[in-house]
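Chemist: Quick one, what's the 3D model for this:
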Amino acid sequence: MKKHTILLFLAVVLLPFALFAKGSSESVDTNTLTVYSYDSFVSEWGPGPTIVKDFEEETGIKVNLISAGHGSELLYKLSLEQNNPRADVVVGITNEQLNESNKFNLFQSYDSPVLKDIDSEHIFDKSLTLLPYNVGTYAFVYDSKKISNPPTSLEQLLDPKYKRSIILIDPRTSSVGMGLLQWTISVYGDDYLQWWEAIKPNVLTIADSWSSGYGLFTQGEAPLVISYTTSPIYHVINEDNDQFRSVVFDEGNLAVIEGAAILKSSKKVEQAQMFIDYLLTDGQLDIAIANVMYPVNLKTELPEAFDWAPVAKKELYLPSEMIAEHRDTWLNEWTEVMSR
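Modeler: Numbering: from 1, shown residues only. A predicted model of the protein is given here:
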């Protein structure tokens, strides 16, 4: 009897502490926004840490920024967690993944007031579940000390004078490599494999990643590499070096737009909307400089170094439905052509 009395007394005494502890935990959790993004966005040299720090200071909202791989891995992770959601916001889903994203049905629409300041051509999701924050155009970057008259079209890259002078990137392992593959499909349609067959004598190597391919280029292994129109900006800002230049092509350059979204499962919608709005306003300059890409907000004032990036005459896009349907076929056909 005494034992039961003691246990009852302890339960009564400890109950308020348990309830207080639970309340405190929920309070902290309620005010912490969980954001998933890709590796380079989250890294110490990416824009994520700076944006989070400034956002927290301005709003008092804590942000848990988590690296969840590249775009496809982001979607896959979110789909696996659908029954036990952890993220409130995801940053880094591209326009090319819109069809796949819609199938998962993970995100909620947000008609941000900031959209009035964004070029309508870059609002790729008319349902406003994925809001654009960053845009880049693929381009060939050349070494101006080795090439004085760079090619101005995909066709000119086939000139024999560029024999073993071009570094490409594998589309099976790199989004930049996939970007070039889609670029050729956008320009040549069903005949795209003819370009790939013809380019082979001019290819020095096909790197497995953008970093390895671009590294070989800056080391002087070849005077041409597939990258972005904005790549030279990095060298101007960080190295005071204008040796490397990009060139826009007559037929246009394939563009890629990155978007952010709020999950339907989020219990912190107001905080999530505030984070998205910050991403599209005060965060635009940090994103532009760290990602070396263009901001989507037309009011963003860019440093003079961005003048070294030529503006594409025409931005090319492939429908996300087309990419989702044919991606595996394109990769199989590309592999067959390039391996023989």
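Chemist: A261 contacts N105, correct?
Modeler: No. With contact defined as CB atoms under 8 Å, A261 does not reach N105; the gap is 11.6 Å. C-beta here means a position set from N, CA and C on the backbone, and glycine is covered the same way.
Chemist: Tell me which of these two has more neighbours.
Modeler: Using other CB atoms under 10 Å, the more surrounded residue of A261 and N105 is A261, with 25 against 11.
Chemist: mind checking how far that one is from G189?
Modeler: In this view, A261 and G189 are 32 Å apart by CB to CB, to the nearest Å.
Chemist: Check W210 too.
Modeler: 26 Å.
Chemist: pretty sure S265 is in contact with N83, am I right?
Modeler: No. If you go by CB under 8 Å, S265 and N83 don't touch, sitting 9.5 Å apart.
Chemist: Those two - which one has more neighbours?
Modeler: Under the neighbour definition other CB under 10 Å, S265 and N83 were set side by side, and S265 has more, 17 against 7.
Chemist: where does the more buried one fall, phi/psi-wise?
Modeler: When read as degrees, to the nearest 10, the backbone of S265 gives phi -80, psi -10.
Chemist: Who are the contact partners of the residue nearest to it when sequence neighbours are not counted?
Modeler: Closest residue in space to S265, ignoring its immediate chain neighbours: P85 at 3.7 Å, by CB to CB, 6 or more residues apart in numbering. Under the criterion of CB atoms under 8 Å, 6 or more residues apart in numbering, the contact list for P85 reads 78, 263, 265-266.
Chemist: now swap in M338 and tell me
Modeler: M338 sits next to 196, 200, 206 when contact means CB under 8 Å, 6+ apart.
Chemist: on that earlier part again, look at W210 and G189 and report which has more neighbours.
Modeler: Comparing W210 with G189 by other CB under 10 Å, the one with more neighbours is W210, at 20 against 8.
Chemist: if I pick that one, what's in contact with it?
Modeler: 169, 174-177, 227.
Chemist: Can you flag which of those belong to strands?
Modeler: Taking DSSP state E as the definition of strands, the contacts of W210 contribute 169, 227.
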